[in-house]
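[1] Fold the following for me, if possible:
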Amino acid sequence: MKVGDFVVDARDGRIGRVMGREGPYVQLRPPGGGREWDCPPDTLRPAPPGEVLRARVRERNREGRLP
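    Below is the predicted model:
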């Protein structure tokens with residue numbers, strides 16, 4: 001996983017964008033913004049394509065780029 005990828009936190013099913021690493025954890029941010037959370041890398045899995053699409057739409061909507 002690299003910065004910018006969408007992943008699923010298997011502990012609770014949340015989708016997040018990889019923002020970086022802090023110590024042993026991967027930092028994730030919810031699509032569209034919000035508070036980051038730390039996640040152990042062994043509990044992450046790639047987000048399915050449909051979830052990635054929904055996450056990107058949420059980000060665009062929050063940025064106000066869509067009417």
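[2] which stretches of this protein form strands?
    Secondary structure of the chain (DSSP state E): strands at 6-9, 14-22, 25-29, 37-39, 44-46.
[3] nearest spatial neighbour of the residue positioned nearest the centre of the chain, skipping sequence neighbours?
    Nearest residue to the geometric centre of the chain (C-alpha atoms, centre = their mean): G16, 1.5 Å. Across the structure, with C-beta to C-beta, 6 or more residues apart in numbering as the measure, the residue nearest G16 apart from its sequence neighbours is L28 (3.0 Å). The C-beta positions use only the backbone N, C-alpha and C, and glycine is treated the same way.
[4] Just to check, that neighbour is in contact with P40?
    No. In terms of C-beta atoms under 8 Å, L28 does not count as a neighbour of P40; the distance is 11.1 Å.
[5] who's more crowded, these two?
    Legend: neighbour count by other C-beta atoms under 10 Å for L28 and P40, higher for L28 (23 against 12).
[6] For the more buried one, list each beta-bridge partner.
    L28 forms beta bridges with V18, W37, as assigned by DSSP bridges.
[7] where does the protein dip in pLDDT?
    Within the chain, the ranges that satisfy pLDDT under 70 run 65-67.
[8] picking up where we left off before, name the stretch among the strands of the chain that sits most buried.
    Burial of those is given as mean neighbour count (mean count of other C-beta atoms under 10 Å); strand 6-9 ranks first at a mean of 20.
[9] List of residues touching that one?
    In this structure, residues lying in contact with strand 6-9 by C-beta atoms under 8 Å, 6 or more residues apart in numbering are 1, 14-18, 26, 28, 31, 37, 39, 43-48, 51-52, 55.
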